[in-house]
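**Q** Need coordinates for the below:
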Amino acid sequence: MKFILRSFSYLMHPLFMPLLGVIIYFAITPKFIPKSFMYAKIFAISILTLIVPILFYFLLESINLVSSKELSDVKERRIPLLCQIGITIIIVTVIINGYEFPELYLFFLGILIASGLALIFSLFKYKASLHMVGVSGVLSFIIALSMVYTTNYLEIISLLIIAIGCTAASRLQFKAHSMHELIVGILVGGLPQLLVFYFYNI
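**A** Just a heads-up that it's a prediction; the model follows:
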């Protein structure tokens, strides 16, 4: 059981969530998108959201600015979160065109807001769960898409809710977070996605 719970901490790692949201979007969007164009976007986003942060983490580790990949010390989260904010700004200004992909643009705008909130919390020495921020952001994104497209994505939403529950149980089991840190993480990740879709007319 512990192995299963721990696996959710890795599978639902915050680094994977932006790419997961992008892949789900391309899989369910009713818009026609040439495959070569879609793969190019996925490749660019995977480089920026996975490869660059991993290399940046090893750089921080080599100069002793982080001590573990879990970033258990709230102070160690600040520089990686700034890196995340910078990468997200690059994505919304260079990679994702708000006219061609308004839904993805809003998704990353929500990620940008959530990253900023997580950074603010870290400045006040509060450790909101980044796992919950990531997976709840994807969940809210799919809920928003279901409303925009007026389509039922209940299967995907149900799987993401189960993933949130299992990931939260994993973080509690291994004492990575308290319950209120998990709840705050869910709110920080989920609410910006819903709000940007609500206030932006697509």
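**Q** And the helices in this structure?
**A** Using DSSP state H, the helices found in the chain span residues 2-11, 17-28, 35-46, 52-62, 78-90, 102-123, 130-148, 154-173, 179-199.
**Q** Ok, which of those helices comes nearest Ile96?
**A** Shortest separation from Ile96 across the helices of the chain is recorded for helix 102-123, at 5.0 Å, computed as Cβ to Cβ. Glycine gets a C-beta too; all of them are placed from N, C-alpha and C.
**Q** Which strands or helices does the closest one pack on?
**A** If you count contacts as 3 or more Cβ pairs under 8 Å, 6 or more residues apart in numbering; DSSP states H and E, helix 102-123 packs onto helix 17-28, helix 78-90, helix 130-148, helix 179-199.
**Q** With Ile79 as the reference, measure out to the residue of the chain most remote from its centre.
**A** Among the residues of the chain, the one whose C-alpha is farthest from the average of all C-alpha positions is Ile63, by Cα atoms, centre = their mean at 26.4 Å. Here the criterion is Cβ to Cβ, to the nearest Å. By it, Ile63 lies 10 Å from Ile79.
**Q** again with Phe26
**A** If you go by Cβ to Cβ, the gap between Phe26 and Ile79 works out to 31 Å.
**Q** shaky segments in the chain?
**A** Low-confidence regions of the chain, defined by pLDDT under 70, span residues 1-3, 5, 8, 68-72, 201-202.
**Q** if we go to 80?
**A** When residues are selected by pLDDT under 80, those of the chain lie in 1-11, 64-74, 174-176, 200-202.
**Q** and Phe43, how many neighbours?
**A** Using other Cβ atoms under 10 Å, Phe43 is surrounded by 10 other residues.
**Q** Equivalent analysis for Tyr57, please.
**A** 18.
**Q** I'd say it and Pro80 touch.
**A** Yes: between Tyr57 and Pro80 there is a contact at 6.8 Å, judged by Cβ atoms under 8 Å.
**Q** Need the overlap of contacts for the two.
**A** Val66 (Cβ atoms under 8 Å, 6 or more residues apart in numbering).
**Q** how close does the residue nearest in space to the middle of the chain sit to Ile143?
**A** With distances taken as Cα atoms, centre = their mean, the residue of the chain nearest its centroid is Gly134 (3.2 Å). Separation of Gly134 from Ile143 (Cβ to Cβ) stands at 15 Å.
**Q** for Val74, what are its contacts?
**A** Here Val74 is in contact with Ser122, Lys125, Tyr126, Lys127 (Cβ under 8 Å, 6+ apart).
**Q** how close does Phe141 get to Asn64?
**A** When Cβ to Cβ is the yardstick, Phe141 and Asn64 sit 36 Å from each other.
**Q** who has more neighbours, these two?
**A** Set Phe141 next to Asn64 and count neighbours by other Cβ under 10 Å: Phe141 wins out with 31 against 7.
**Q** so that one makes contact with Ile111?
**A** No: using Cβ under 8 Å, Phe141 is not in contact with Ile111, being 9.1 Å away.
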